[in-house]
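S.K.: okay, sequence plus prediction incoming.
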There are 2 protein chains.
Amino acid sequence: MAVRVDLNISLDGYATTTDQTREKPFGEDWGRLVGPYTATRTFQERVLKQPGKGTTGVDDTYAAAYFEGIGAEIMGAGMFGLHNFPDDPEWKGWWGDETPFQYPVFILTHDAREPIDMPDGTRFEFLAASPQEALDRALDAAAGQDVRIGGGPTVIKSFLKAGLVDRIHVGITPILLGRGINLWEGLRGLENGYKARSEAADDGVTHLTFFR
Amino acid sequence: MAVRVDLNISLDGYATTTDQTREKPFGEDWGRLVGPYTATRTFQERVLKQPGKGTTGVDDTYAAAYFEGIGAEIMGAGMFGLHNFPDDPEWKGWWGDETPFQYPVFILTHDAREPIDMPDGTRFEFLAASPQEALDRALDAAAGQDVRIGGGPTVIKSFLKAGLVDRIHVGITPILLGRGINLWEGLRGLENGYKARSEAADDGVTHLTFFR
């Protein structure tokens, strides 16, 4: 029952991008940041439903591990979409009826909402809770499996600062973004109590894992 | 005739440490930052004169490459020691009579000094020059070999910003320092025009190289 984080960051530590425009709502930086991940067979098959497509190297090994052994997830209101669609009481997330979860997902928000049961078995539950309180709920719901702190980076940082994460995996894309939310800022000494393992992919991406 | 940079940085990009005290003049962070490098056989043999000691893995491969093919070096006044000993006109650097250079070293300073010829063949020359001007001098002196921009990080950043570096190797130690001079700050888009290669060492260190 480990608490896990998986995140794509730039070499300079940025986990978000800021170059979005109306014409390019994700900007160009986002594609470059997550490109090695979205190119994997796991992402192509599981998320884009493109069987047989995608890369099968080190990046894909980590992409596949992302989906393994998770029994519940915690995410922020922004990642679920509540900041984009605050006035839609029927908002059910970005993922449609076939979500990538199929387990309980706890969304941290002060905007109280009723739980949503999706057709694929995913249950979205809304909590106004501290990281520890939310984690206690998620661990209960995970029934012995791992809990993922899904994002965004601000939520992940709050769990890291609270010392609640057992395994942190970052896929480091070799680009410098220079702006956005920096995963590492304010986390001096985070490595204490963890071991570190680094693995390199052929495309220049580094997969770094802190684990207890 | 490539222009090269080699540097140890923390996972959050810091190339210097700030926890020095009178009792511990290097602080504790510095030892942790450069520990994987100073543990290598190359450093143990070449710098500490301890034959047969030291690690022989990936970290050592990069440590050995650090010394190969360099025909001249450029460094800042601080790295040479002029900030620590500004009033000593006889100051000849930190390295004693047997330096790790044995080639021309150009020190960027507005404090005009006569060149110093060391017994081991190293020549220290002092320049008040722009990065491009200093590089032109160093390339001439290197006689067809590579030029290293030795440091400190502020000097390295000025050469990176000027687009003068052909190969940037960083050994990324998996620790978060949270303070000091950040190598990546202000260098958004540095990756443009470079290829990236990542290689992992068993101790969690990542060796990332940008090369043309």
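M.R.: Cool, got the structure.
S.K.: report the distance from the one helix or strand in chain A whose mean pLDDT sits lowest to the chain centre.
M.R.: Least confident helix or strand of chain A, by mean pLDDT, DSSP states H and E, is helix A:41-46 with a mean of 92. Offset of helix A:41-46 from its chain centre (Cα atoms, centre = their mean, to the nearest Å): 16 Å.
S.K.: packing partners of it?
M.R.: helix A:58-66 (3 or more Cβ pairs under 8 Å, 6 or more residues apart in numbering or on different chains; DSSP states H and E). To be clear about C-beta, it is placed using only N, CA and C from the backbone, and glycine gets the same treatment.
S.K.: enumerate the residues of chain A near chain B.
M.R.: A:11-13, A:172, A:174-179, A:182, A:184-191, A:195-201, A:203-206, A:208, A:210 (Cβ under 8 Å from any Cβ of the partner chain).
S.K.: go again using 6 Å as the cut-off
M.R.: When proximity is defined as Cβ under 6 Å from any Cβ of the partner chain, chain A approaches chain B at A:12-13, A:174-176, A:178, A:184, A:187-188, A:190-191, A:196-200, A:204, A:206.
S.K.: so of those residues, which ones are in strands?
M.R.: Taking DSSP state E as the definition of strands, the residues of chain A next to chain B contribute A:196-200, A:206.
S.K.: run a quick neighbour tally on the closest residue to A:Q102 other than its chain neighbours.
M.R.: Counting by Cβ to Cβ, 6 or more residues apart in numbering or on different chains, A:Q102 lies nearest to A:G121, which is 4.9 Å off, once chain neighbours are set aside. Per other Cβ atoms under 10 Å in any protein chain shown, the neighbour tally for A:G121 reads 11.
S.K.: toward the C-terminus, what is the element adjacent to the longest helix seen in chain A?
M.R.: Identified as the longest helix of chain A according to DSSP state H is helix A:131-142. Using DSSP states H and E, the helix or strand that follows helix A:131-142 in sequence is strand A:146-151.
S.K.: need the residues that contact the next helix or strand after that following strand.
M.R.: Going down the chain from strand A:146-151, the next helix or strand is helix A:153-161, by DSSP H and E. Helix A:153-161 has contacts (Cβ atoms under 6 Å, 6 or more residues apart in numbering or on different chains) with A:5, A:15-16, A:76, A:131, A:149, A:165, A:181, A:183, A:187.
S.K.: for helix A:153-161, give the mean pLDDT please.
M.R.: Helix A:153-161 shows a mean pLDDT of 98 in the predicted model.
S.K.: can I get that helix as PDB, trimmed to CA atoms?
M.R.: Output of helix A:153-161 as PDB, limited to C-alpha atoms (Å, rounded to 0.1, in the frame of the first residue of the first chain):
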ATOM      1  CA  PRO A 153       1.800  19.700  -9.300                       C
ATOM      2  CA  THR A 154       0.500  22.000  -6.500                       C
ATOM      3  CA  VAL A 155      -1.400  19.100  -5.000                       C
ATOM      4  CA  ILE A 156       1.500  16.800  -5.400                       C
ATOM      5  CA  LYS A 157       3.800  19.300  -3.700                       C
ATOM      6  CA  SER A 158       1.500  19.500  -0.700                       C
ATOM      7  CA  PHE A 159       1.700  15.800  -0.300                       C
ATOM      8  CA  LEU A 160       5.400  15.800  -0.700                       C
ATOM      9  CA  LYS A 161       5.800  18.600   1.900                       C
END
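S.K.: mind checking how far it is from the chain centre?
M.R.: With Cα atoms, centre = their mean, you get 11 Å for helix A:153-161.
S.K.: then stretch A:195-212?
M.R.: When C-alpha coordinates are averaged (Cα atoms, centre = their mean), stretch A:195-212 and its chain have centres 17 Å apart.
S.K.: what's in contact with it?
M.R.: Contact with stretch A:195-212 is made by A:36, A:57-59, A:62, A:166-174, A:194, B:174, B:196-200, B:204, B:206, as judged by Cβ under 6 Å, 6+ apart.
S.K.: repeat that for 8 Å
M.R.: If you take Cβ atoms under 8 Å, 6 or more residues apart in numbering or on different chains as the criterion, stretch A:195-212 is touched by A:36, A:57-59, A:62, A:166-174, A:190-191, A:193-194, B:11, B:172, B:174, B:195-201, B:203-206, B:208.
S.K.: how long is it end to end?
M.R.: Here the two ends of stretch A:195-212 are set 6 Å apart, with distance taken as Cα to Cα, to the nearest Å.
S.K.: and the spatially most central residue of chain A, what is it in contact with?
M.R.: Closest to where the C-alpha atoms of chain A average out (Cα atoms, centre = their mean) is A:G150, at 3.3 Å. Residues near A:G150 by Cβ under 8 Å, 6+ apart: A:73-75, A:79, A:105.
S.K.: next: A:G81.
M.R.: Contacts of A:G81 by Cβ under 8 Å, 6+ apart are A:91, A:93-94.
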